[in-house]
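model the following, please.
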Amino acid sequence: EDRRPAGEANYDSVIIDDTWRHLPTVGFTNQDLNAPASAIAYYALSSGTTGTPKIYAQSHGKIRKRIMDVPASVVGGQGLFLTPMSMSFTSTRSRVLTYLLGSGRVRFMPPVFSTGELIETIQRSGATGCGLPPPVIRNMVREIGEQPKPYFPNLSLLRSSGGPATPEDKIAAYRYLSSGYCLAFSANLVGVTSILSGPDVLRKPESSGRLASKISVEILDPETRQILPVGETGLIKVYTPYASEAIIESGVSTSQEELGDGWGIT
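Residues are numbered from 1 along each chain as shown. Modelled structure (predicted):
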């Protein structure tokens, strides 16, 4: 990408060599790439809600379960997934893997883009899925404006990831951009916890949606860690089969076995 964002003088750019598209396929097979399910696939780095850096170790088995157990209606997997977001984001990695495992295709846009360029690329490419952060989705709504029907009829998945969205922004994205709009509450520690999609966006736009499959949640008192009554505000404790194998914090690794079954305070 040869453009440079304003104020980022040290931004490195690389022009892609398009000749790779015409090279013969290298003879890889799935057998060549097999790894034990317990083997660590990657370490996901997080700034941590408290500001303390953390690293989450995630195995091939846990990542595959996280991808395959979420309903296809909210993760996609067929058609073309378009993303201008970096693979350093967990959500981007998950969606890319979902589409590849589902025999779909993936197209990466340059990470330097304008709202108009993104809108045009979604239309021109025929993308059926896209993953974007809430501010970008909000800017798309502002540029397109109110529409009698969703502007992207072919976009069966418009995944909002990387932060919260206001109720008004959720409703606008669902009505004016794509009826496939959805927002998932997720964390590197526990994976996807809840999903807001479909008519629920209009019914409960202030919420984070319904609990995902095989997930249960308790709300705890921040001080005592006791379970709070319904309607009270507190820490979110998630029971999940998809928790990261280990958390590395301040150079010390804590395994899931040490933390206990069902542990996961996001």
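
what's downstream of the worst-scoring helix or strand of the chain on mean pLDDT, the next helix or strand?
Averaged element by element with mean pLDDT, DSSP states H and E, the chain has its least confident helix or strand at helix 72-75 (a mean of 62). Toward the C-terminus, helix 72-75 is succeeded by strand 80-83 as the next helix or strand (DSSP states H and E).

partner strands of that following strand, with direction?
Strand 80-83 has the following sheet partners, assigned by DSSP bridges: strand 105-108 (parallel), strand 129-132 (parallel).

need the winner for burial among the ones you listed.
strand 129-132 (a mean of 27; mean count of other C-beta atoms under 10 Å). For every residue, glycine as well, the C-beta is placed using N, CA and C.

in a helix, T193, correct?
No. Under DSSP: H, G, I helix; E, B strand; the rest coil, T193 sits outside any helix and is assigned strand.

surely it touches I215?
Yes. Proximity of T193 to I215 meets the contact threshold set by C-beta atoms under 8 Å, at 5.7 Å.

name the element A57 belongs to?
A57 belongs to strand 54-59, assigned by DSSP H and E.

what's in contact with that strand?
Outside strand 54-59, the residues that touch it by C-beta atoms under 8 Å, 6 or more residues apart in numbering are 37-46, 48, 188-189, 244-249, 253.

could I get the strands paired with strand 80-83 as a markdown table with mean pLDDT?
As requested, those are exported to a markdown table (pLDDT from 0 to 100):
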| stretch | mean pLDDT |
| --- | --- |
| strand 105-108 | 92 |
| strand 129-132 | 93 |
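
show me what counts as buried in stretch 58-66.
Along stretch 58-66, these residues count as buried under the neighbour rule (16 or more other C-beta atoms under 10 Å): 58-63, 65-66.

including pLDDT, could these go into a markdown table?
Rendered in a markdown table, the data for these read as follows (pLDDT from 0 to 100):
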| residue | pLDDT |
| --- | --- |
| Q58 | 88 |
| S59 | 90 |
| H60 | 89 |
| G61 | 88 |
| K62 | 87 |
| I63 | 87 |
| K65 | 85 |
| R66 | 84 |
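
what about the stretch 51-200 of the chain, any weak spots by pLDDT?
Low-confidence segments of the stretch 51-200 of the chain, defined by pLDDT under 70: 71-77.

quick revisit: what is the nearest of the buried residues of stretch 58-66 to G129?
The shortest separation between G129 and any of these is 17.2 Å, and it belongs to R66 (by C-beta to C-beta).

from A243, how far out is the closest one?
Distance of R66 to A243, given as C-beta to C-beta, to the nearest Å: 10 Å.

find residues that contact each of these two.
Taking C-beta under 8 Å, 6+ apart as the criterion, R66 and A243 both touch G191.

so how many other residues sit close to A44?
A44 is flanked by 19 other residues according to other C-beta atoms under 10 Å.

so what's it up against?
With contacts defined as C-beta under 8 Å, 6+ apart, A44 is in contact with 55-56, 58, 90, 188, 244.

the helix or strand harbouring it pairs with which strands?
Taking DSSP H and E as the definition, A44 sits inside strand 40-46. Strand 40-46 has the following strand partners under DSSP bridges: strand 54-59 (antiparallel).

quick one: contacts for the residue nearest the centre of the chain?
Among the residues of the chain, the smallest C-alpha distance to the mean C-alpha position (C-alpha atoms, centre = their mean) belongs to S91, namely 2.4 Å. Listed by C-beta under 8 Å, 6+ apart, the contact set of S91 reads 85, 131, 159, 161-162, 184, 186.
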